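Colleague: With the sequence up front, the predicted model follows.
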Amino acid sequence: MTEPASPPSLPYHRLARLTGRHRWWRPLLGLLLMTGGWLLLIVVVDTVAYGVGEASGRPERPDGSVDFGPLPNTVLDLSFIALMLPMALLAARWADRRPAGSVSSVAGRLRWGWLTRCLALAMPACMVLLAASFLLPAGEEESAAANEWVGLPTFLVSLAVLAVFVPLQAAAEEYVFRGWLMQAVGGFLRSPWCAVLPQAALFAAAHGWGTPWGFADLLVFGLVAGWLTVRTGGLEAAVALHVLNNLTGFGLGAAVVDGLTSEETAADLPWQMAAVDTATILLYAAAVLWLARRNPPQRLATPLPATLAHPVPAYGVPRYPAPVGYAAGPYPAPTAATPYGGAAHFPPPPYGPDAPAAQPPAHRPADGRAPQ
């Protein structure tokens with residue numbers, strides 16, 4: 001008797017089909033849940049922040065929000081973006097009916113060892129960006145006051161706070177664009193590029209329309225991050241580069257007076273910085289792929305049964321303990337034909353307290369005659 005063929009393994013962008021419950025309407029429900037829940041959380045947090053600011057007598061900014069100062073305002077803005085992270089996980093769990101960890105990687109979790117290796121590879125790229133920001137000529141619109149040092153105590157405090165909130169903001173963007181969104185498209189289309197291209201364009205557009213060079217740089221980042229996610233089976237490589245890249249940018253802003261008040265984004269990069277940033281992204285991608293060939297991470301996931309309400313026991317057969325009074329199990333699951341788990345495992349009825357007591361075997365004489 002031939003055993004049934006096991007279902008084919010799934011790459012990262014196809015994990016929306018992990019449990020076999022994928023339907024055409026589930027991504028739409030997930031999008032509604034994710035965006036609606038995120039906007040609701042923003043309203044709640046913003047209302048609380050406004051109430052605290054009014055109670056403490058803080059001034060208002062031109063957009064009507066409360067002005068807490070450069071660093072608190074930056075933290076609040078980062079927190080608004082970070083709220084997308086739990087909503088992306090909930091969209092996968094509630095709308096797609098699959099484990100939330102499948103958004104992290106094909107292993108069903110964030111692979112911390114692989115993330116650490118990717119962070120080590122991203123550090124040289126960020127050092128190049130940091131050096132380029134000092135060596136490249138400044139724009140004509142920048143004044144001398146824009147480069148005034150804030151002082152070491154202020155800078156260290158700002159850096160410590162940013163080191164907490166920037167990773168959450170960067171990870172949230174990765175979980176939405178390279179994570180849930182790419183898997184939502186991959187649930188319908190097999191080609192990885194069909195899943196990578198839309199999220200890259202949306203990622204660049206979400207940062208605003210600045211310079212053409214800045215938009216092109218963001219588009220390259222989205223493409224490379226999406227491709228690395230598919231090739232390595234998880235978000236770790238994209239998260240590592242995004243976190244250190246943003247930490248470098250916010251750290252430079254925190255080092256100068258009023259640097260954190262700037263409304264410029266990565267879309268506003270001049271062509272010199274965009275060229276350097278694009279080059280470092282490509283070099284980082286080459287380093288990650290080289291490391292992935294030497295120490296390959298898990299790239300495929302095994303599909304789970306659609307009715308996975310309980311963990312699947314060993315050998316794929318449910319096991320039950322033995323009834324009271326019988327030898328230790330485990331025994332096969334009861335069925336309609338064998339409600340007690342199979343006649344081979346249990347003596348014939350009657351069962352329970354009315355069953356006759358077991359009698360010791362009769363003594364047979366040594367000559368083999370039947371007892372008298």
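Modeller: Cool, the structure landed. Residues are numbered from 1 along each chain as shown.
Colleague: how about the helices of the stretch 51-200 of the chain, start to end?
Modeller: 70-82, 84-90, 112-135, 152-174, 182-186, 192-206 (DSSP state H, counting those that start in this stretch).
Colleague: what are the phi and psi values for residue 301?
Modeller: Dihedral pair for residue 301: phi -120, psi 140, per degrees, to the nearest 10.
Colleague: what residues are up against it?
Modeller: Counting by CB atoms under 8 Å, 6 or more residues apart in numbering, residue 301 touches 9, 10, 11, 12, 15, 18, 102, 106, 107, 108, 233. Any C-beta I mention is one placed from the backbone N, CA and C, and that applies to glycine too.
Colleague: Verify the stated contact: the fifth one with residue 99.
Modeller: So the one you mean is residue 15. No - counting by CB atoms under 8 Å, residue 15 stays clear of residue 99, with 9.2 Å between them.
Colleague: Looking at these two, which has the bigger crowd around it?
Modeller: Applying other CB atoms under 10 Å to residue 15 and residue 99 shows that residue 15 carries more neighbours, namely 28 against 18.
Colleague: For the residue nearest to that one when sequence neighbours are not counted, give me its contacts.
Modeller: Nearest residue to residue 15, sequence neighbours excluded (CB to CB, 6 or more residues apart in numbering): residue 102, at 4.7 Å. Neighbouring residues of residue 102 by CB under 8 Å, 6+ apart: 15, 18, 92, 108, 183, 301.
Colleague: Could you list the low-pLDDT ranges of the stretch 201-350 of the chain?
Modeller: The model of the stretch 201-350 of the chain has pLDDT under 70 over residues 306-350.
Colleague: Buried ones among the contacts of residue 301?
Modeller: Buried members of the contacts of residue 301, counted by 16 or more other CB atoms under 10 Å: 10, 11, 12, 15, 18, 102, 106, 107, 108, 233.
Colleague: what about the second one, distance to residue 192?
Modeller: Yep, that's residue 11 we're talking about. When CB to CB, to the nearest Å is the yardstick, residue 11 and residue 192 sit 7 Å from each other.
Colleague: Can you pull the residues that touch both of these two?
Modeller: With CB under 8 Å, 6+ apart, residue 11 and residue 192 have common neighbours 186, 230.
Colleague: which non-adjacent residue is nearest the most centrally placed residue in the chain?
Modeller: Nearest to the mean C-alpha position of the chain, by CA atoms, centre = their mean, lies residue 104 at 3.1 Å. Closest residue to residue 104 apart from its sequence neighbours, by CB to CB, 6+ apart: residue 110 at 4.4 Å.
Colleague: Next: residue 101.
Modeller: Nearest to residue 101 is residue 108, by CB to CB, 6+ apart, at 4.1 Å.
Colleague: wait, what's in contact with that neighbour?
Modeller: Residue 108 touches 99, 101, 102, 301, counting by CB under 8 Å, 6+ apart.
Colleague: what's near enough to touch residue 97?
Modeller: 19, 21, 26.
Colleague: can you pull the pLDDT of it?
Modeller: Residue 97 carries a pLDDT value of 95.
Colleague: How much space separates it from residue 21?
Modeller: Taking CB to CB, one finds residue 97 at 4 Å from residue 21.
Colleague: picking up where we left off before, for residue 290, state which of the contacts of residue 97 is nearest.
Modeller: residue 19 (34.0 Å; CB to CB).
Colleague: what about that closest one, neighbour count?
Modeller: 18.
Colleague: isn't there a helix covering it?
Modeller: No - counting by DSSP: H, G, I helix; E, B strand; the rest coil, residue 19 is not part of a helix but coil.
Colleague: My guess is it contacts residue 305. True?
Modeller: Yes - counting by CB under 8 Å, residue 305 is a contact partner of residue 19 at 7.2 Å.
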